[in-house]
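Enquirer: Based on what follows, work out the 3D shape:
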Amino acid sequence: MAEIGLFEAIYSQPQITRYRPDPVPREAIDKILDAATKAPNGGNRQPWEFIVITDRDLITKVGQLYQDAWFETLGATPPPNEPPVYHSARYLAHHMPEVPVMILVCADHTLGSAPYTLGEPIVRGRYASSIWLAVQNLFLAARALGLGTRLTTAHLRREEEIKALLGIPDHVETMALIPLGYPQGKFSATARRPATEVTSYNQYGNRA
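Expert: Predicted coordinates:
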């Protein structure tokens with residue numbers, strides 16, 4: 001598998017909404033998730049769990065739940081002058097049941113630093129600071145191998161149904177549902193505010 005350098009991956013990592021139907025090799029998926037597990041995390045507790053969905057029937061079912069949740073919130077048809085970012089997200093919502101691979105990123109509260117007893121309610125987001133670092137590793141590793149990703153959380157509005165479908169226990173919190181596949185177009189430079197506009201030295205607002 002050909003790879004690109006770290007900074008090239010960072011500077012050309014847009015959120016992908018259009019995926020080719022080409023299958024993603026298991027070797028690539030395993031390499032991406034191995035990179036995710038190398039992320040820094042609180043107390044080295046490593047509370048992450050990754051559920052890779054490759055079964056077409058499951059992808060369709062999870063994708064439809066995602067679609068229902070997205071349209072329930074933002075509507076099935078676009079409003080006039082919908083911003084481009086929402087237009088792209090809407091396209092993905094329409095086509096989520098067709099993506100090549102899904103990775104559901106979860107947090108296992110029995111592996112966290114806070115004491116937890118099975119059966120008690122979980123504190124949502126408690127381990128987010130560890131999980132999101134693993135997700136960024138996942139994204140960069142995917143980009144290095146020519147694969148696209150996108151951060152989505154709309155599935156949370158159908159979380160109980162998805163957990164039942166995938167056999168996820170109560171002590172495991174779902175955090176993000178990530179489509180994975182080869183993009184239809186080319187990777188391009190990301191559009192972000194320049195670092196000079198958001199960086200201060202020694203005192204807030206000192207851009208010098």
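
Enquirer: how close does residue 200 sit to residue 68?
Expert: 44 Å (CB to CB, to the nearest Å). For glycine as for every other residue, the C-beta is placed from the backbone atoms N, C-alpha and C.

Enquirer: Who has more neighbours out of these two?
Expert: Using other CB atoms under 10 Å as the criterion, residue 200 and residue 68 rank with residue 68 on top: 17 against 10.

Enquirer: out of everything not next to it in sequence, what's closest to the more buried one?
Expert: Closest residue to residue 68 apart from its sequence neighbours, by CB to CB, 6 or more residues apart in numbering: residue 158 at 6.5 Å.

Enquirer: In contact with that neighbour, which residues?
Expert: 65, 66, 68, 69 (CB atoms under 8 Å, 6 or more residues apart in numbering).

Enquirer: I'd say the second one and residue 152 touch.
Expert: Translated: residue 66. Yes. Between residue 66 and residue 152 a contact is recorded at 7.1 Å, counting by CB atoms under 8 Å.

Enquirer: Quickly list what's touching both of those two.
Expert: With CB under 8 Å, 6+ apart as the test, residue 66 and residue 152 both reach residue 177.

Enquirer: Looking at those two, which one has more neighbours?
Expert: Taking other CB under 10 Å, residue 66 and residue 152 do not tie; residue 66 has more neighbours (26 against 21).
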